[in-house]
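Chemist: Here you go, sequence then predicted model.
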Amino acid sequence: MTLRIHLCGLALAALAAAGGAAAQTDKAADDCEAAVSEAVKRMRGREAQDVQFSKNKRVFTATADDETSLKGEGRYRGASGRGMPFSYSCAFNAKTGATSGVVFRELGPPAEDKPWQPNLANVSPDACEGAAAATLKSKNPRVGRIVLDSESRRLSPGPDDRIVLEGRGALERAPGMNTVPFTYQCEVEPRNGRIVSIRTSQ
């Protein structure tokens, strides 16, 4: 019985020590990262917003009896709105609770978004505009004329890697009537040029 109580006491002491060590490393991380955040904002001014740290990148190293070195990574939102990655290091003294040696280094500019480069080999604006005209004629059986503005053509990415072609024009619903503006939108499959859908609005 005495041996069992002794072993239980040792286990509880080990758990308490582990809990104390975890609390100490958490405090070291919190204090160091607060100091790094202040350094980032001080050096980058208003450009530095939303400073964040990656907990899974933290590396603790005991450098002296009461000191712990912390290295890690984080990012802040720059003036352009993009995340700016950085690395940092800091020393924390468990006895005094002070931080020192705060250093942060930017890891280079954020990766630029690749510009959209559609494959236009099989995409025909004329086919799209012809389909738009046919749709308008079906909606307006007495149509007088349809004028398409080629300068208004716009391309944008669509769902499932398709290409969306949009434009504007003018429609005479019946001969002698005033023209009214309309817009059209084609969704095209770039691999074969097939028009998946066509929409018009007047």
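Modeler: Arrived safely.

Chemist: Now the residue nearest to A174 when sequence neighbours are not counted: which helix or strand?
Modeler: Residue nearest to A174 in three dimensions, not counting chain neighbours: R142, with 4.1 Å by CB to CB, 6 or more residues apart in numbering. Placement of C-beta: from N, CA and C, glycine included. Assigned by DSSP states H and E, R142 belongs to no helix or strand.

Chemist: same thing with L120?
Modeler: Counting by DSSP H and E, no helix or strand carries L120.

Chemist: Near it, how many other residues are there?
Modeler: When neighbours are defined as other CB atoms under 10 Å, L120 has 14 of them.

Chemist: wouldn't it be in contact with V188 here?
Modeler: No: L120 is beyond contact range of V188, at 9.4 Å (criterion: CB atoms under 8 Å).

Chemist: Any chance you could list residues touching both of these two?
Modeler: Contact criterion CB atoms under 8 Å, 6 or more residues apart in numbering; residues shared by L120 and V188: I163.

Chemist: For T61, name its beta-bridge partners.
Modeler: Note on T61: beta-bridge partners by DSSP bridges are S69.

Chemist: same deal with A98?
Modeler: N93.

Chemist: how near is it to C90?
Modeler: Taking CB to CB, to the nearest Å as the measure, A98 falls 11 Å from C90.

Chemist: Compare these two and say which one has the larger neighbour count.
Modeler: The neighbour comparison of A98 against C90 (other CB under 10 Å) goes to C90, with 24 against 12.

Chemist: what sits against A131?
Modeler: C186, I195, I198.

Chemist: Export those as CSV, with columns for neighbour count.
Modeler: Shown next, in CSV, are the contacts of A131 (neighbours: other CB atoms under 10 Å):
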residue, neighbour count
C186, 26
I195, 17
I198, 19
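
Chemist: and which of these is nearest D65?
Modeler: Within the contacts of A131, proximity to D65 (CB to CB) peaks at C186, which comes in at 72.7 Å.

Chemist: any idea how far the closest one is from L136?
Modeler: 13 Å.

Chemist: for K41, same thing?
Modeler: Remark: distance between K41 and L136 (CB to CB) = 57 Å.

Chemist: So in the protein, where's the weakest helix or strand by average pLDDT?
Modeler: helix 2-44 (a mean of 64; mean pLDDT, DSSP states H and E).

Chemist: tell me which residues in the top strand by length along the chain are buried?
Modeler: Looking across the chain with DSSP state E, the single longest strand is strand 145-157. The neighbour-count check on strand 145-157 (16 or more other CB atoms under 10 Å) flags I146, L148 as buried.
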